[in-house]
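Q: Sharing a model that was predicted from the sequence below.
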Amino acid sequence: ETAQHLLLDCTFSREIWGLISGWAGQNLLNPASWPGFDTVLCWWLGRVEAAKPLGKPARKLIASLLLLSLWEIWKERNRRTF
């Protein structure tokens, strides 16, 4: 189990990201719109870069939402495992 699989690629995570995308109204959060990436960091930087046209306040909001969501997925994994 890699960080990339756990946070981005597993069925549970992809479902969560789809729900967040719908809630936020941002297709850049939809897993179907994600290009290939090597690491979670590359993915995060790519999503923040994709939010650039939205302006600085929205980009900061997207970056915060991404980090919070990653953290919550991680905590849920730990609750279920331990």
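A: Happy to help now that I have it.

Q: buried stuff in the longest helix seen in the chain?
A: For the chain, the helix with the greatest residue count under DSSP state H is helix 56-81. Buried residues in helix 56-81, counting neighbours by 16 or more other CB atoms under 10 Å, are found at 59, 62, 65-66, 69-70, 73, 77. (Glycine included, C-beta is placed from N, CA and C.)

Q: Out of those residues, which comes closest to residue 34?
A: Using CB to CB, residue 66 comes nearest to residue 34 of the buried residues of helix 56-81, at 11.9 Å.

Q: check contacts around that closest one.
A: Counting by CB atoms under 8 Å, 6 or more residues apart in numbering, residue 66 touches 29, 44, 47-48.

Q: got these as CSV, with secondary structure, pLDDT and neighbour count columns?
A: What follows is the contacts of residue 66, written out as CSV (DSSP: H, G, I helix; E, B strand; the rest coil; pLDDT from 0 to 100; neighbours: other CB atoms under 10 Å):
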residue, secondary structure, pLDDT, neighbour count
29, helix, 93, 23
44, helix, 93, 17
47, helix, 94, 20
48, helix, 93, 16
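
Q: circling back to that earlier point, nearest to residue 23, of the buried residues of helix 56-81?
A: Distance to residue 23 across those (CB to CB) is lowest for residue 65, with 9.5 Å.
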